[in-house]
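Participant: Below is the sequence, then the predicted model.
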Amino acid sequence: MSNYKNLKVWQKGIDFVLEIYKITLKFPPEEKFGLISQMRRAAVSVASNIAEGSTSHSKNDFARFIGISKGSLAELETQLLISFKLGFITEDIYKEIINCSEEISRMLSGLKHSLIR
């Protein structure tokens, strides 16, 4: 498999993690072990599973890791909606991050499709 650091989706995933960390810095301190922790773990999981999957011995195994990354994105989108509804993030920030998440999801789908052809 190719070097994951050269994959645009991995690079976007890293940028995405940084955005989630910045956003959650403004959350109430009582969310440290709740939404903050869960959102950060889910965001980190996206890029981490791309990296781990790229070291797989088969394209099918790599595709499985891509599926896990997509699952982490769905989890994070749910947590973002909860954060928005609780007033922890503005509608503008919510929409911006969801758009980024959807872009990464499309890129992951394209990568997965190319692996299982």
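Facilitator: Arrived safely.
Participant: any chance you could map the helices in the protein?
Facilitator: Secondary structure of the chain (DSSP state H): helices located at 8-24, 35-54, 59-85, 91-116.
Participant: So which bits of the third one are buried?
Facilitator: Pointing back at helix 59-85 there. By 16 or more other C-beta atoms under 10 Å, the buried positions in helix 59-85 come out as 62-66, 68-70, 72-73, 75-77, 79-80, 83-84. For every residue, glycine as well, the C-beta is placed using N, CA and C.
Participant: Could you do the last one as well?
Facilitator: By neighbour count on 16+ other C-beta under 10 Å, the buried set for helix 91-116 is 93-94, 97, 100-101, 104-105, 107-108, 111-112, 115.
Participant: Distance check, the residue lying closest to residue 11 once chain neighbours are set aside against residue 65.
Facilitator: Using C-beta to C-beta, 6 or more residues apart in numbering and skipping the chain neighbours, the partner closest in space to residue 11 is residue 5 (7.7 Å). Counting by C-beta to C-beta, to the nearest Å, the separation of residue 5 from residue 65 is 16 Å.
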